[in-house]
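A.B. asks: Give the three-dimensional model of this entry:
(one chain, ligands or ions: 1)
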Amino acid sequence: MRGKFITFEGIDGAGKSSHVEWLAELLRSKGLSVQVTREPGGTELGERLRELLLNEPMHLETETLLMFAGRREHLARLIEPALARGEWVICDRFSDATWAYQGGGRGLDKNKFLALEHWVHEHLQPDLTLLFDLPLEVARERIVLANRVLDKFEQERADFHERVRQAYLERVNAHPSRMRIIDADNTLENIRKQLEVVIASIC
Ligand code: TYD
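C.D. replies: Numbering: from 1, shown residues only. Have a look, this model is predicted:
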């Protein structure tokens with residue numbers, strides 16, 4: 001039986017990455033075989049593209065095309081084969097991030113996004129997408145507290161991140177059965193409880 005494809009999304013500082021491994025372990029404890037991966041990245045080529053994408057200034061359409069180029073490679077080399085073997089795949093960000101960041105944040109034409117999505121994964125959408133949602137100020141505070149070097153996206157102004165957040169929420173409205181909101185302005189324990197409930201619905 002084909003495995004399930006779960007993606008994690010949210011604005012920078014939403015804290016989603018700390019829950020990815022925890023969810024993988026929860027699923028493994030149920031006897032499932034689980035692969036954890038991320039975008040941009042996930043393959044050798046994808047990780048090299050990530051370096052460029054997170055650090056080099058570039059034209060919006062170049063950025064979008066590279067996101068989807070890396071995704072094509074990721075699907076062909078890792079995601080599709082794993083799902084076909086019956087493994088579950090948890091991916092930290094996928095195409096909803098392009099919708100939110102390049103579309104909402106930077107203003108990419110929606111039809112260009114839809115054309116690329118259709119080209120690269122016409123027949124595949126995540127079975128479940130968890131959107132870690134929280135107010136911008138709380139996310140910013142977490143980034144400041146982490147006290148590390150900020151990448152190109154994290155350095156964007158607050159209005160950029162607000163547009164990213166709104167674009168994510170719009171996308172949930174458009175895909176209510178695939179996407180679920182996790183209230184990320186909460187304790188670790190509470191967030192895990194929310195994840196358990198949502199996951200139970202697809203296990
Ligand atoms: P992120 O996944 O948040 O990694 P980390 O937790 O190490 O900071 O960083 C990836 C960044 O890439 C994030 O700011 C969102 C951005 N991004 C896009 O702009 N478009 C995309 O399609 C993807 C997948 C990510």
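A.B. asks: going forward, measure contacts and count neighbours with C-alpha atoms only.
C.D. replies: Noted.
A.B. asks: Near residue 190, how many residues? Count them for me, please.
C.D. replies: For residue 190, the neighbour count with other CA atoms under 10 Å is 14.
A.B. asks: Phi and psi next, for it.
C.D. replies: phi -60, psi -40 (degrees, to the nearest 10).
A.B. asks: Ok, residue 69 next?
C.D. replies: According to degrees, to the nearest 10, residue 69 has phi -70, psi -50.
A.B. asks: and residue 34, what does it touch?
C.D. replies: Neighbouring residues of residue 34 by CA atoms under 8 Å, 6 or more residues apart in numbering: 24, 27-28, 87-90.
A.B. asks: While we're on the nearest residue to it once chain neighbours are set aside, how confident is the model there?
C.D. replies: Using CA to CA, 6 or more residues apart in numbering and skipping residues adjacent in sequence, the residue nearest residue 34 is residue 88, 4.7 Å away. Note for residue 88: predicted pLDDT of 98.
A.B. asks: and the residue nearest the centre of the chain, what are its phi and psi?
C.D. replies: The centroid of the chain falls nearest to residue 93 when counting by CA atoms, centre = their mean (1.6 Å). The phi and psi torsions at residue 93 (degrees, to the nearest 10) take the values phi 80, psi 140.
A.B. asks: how about the residue in the chain that the ligand sits nearest to, secondary structure?
C.D. replies: Here the residue of the chain nearest the ligand is residue 98; by CA to the nearest ligand atom that distance is 3.4 Å. Look at residue 98: counting by DSSP: H, G, I helix; E, B strand; the rest coil, its state is helix.
A.B. asks: Hmm, residue 65 and it touching each other?
C.D. replies: No. Judged on CA atoms under 8 Å, residue 98 makes no contact with residue 65 at a distance of 10.0 Å.
A.B. asks: If anything else comes up later, I'll come back, but that's it for now.
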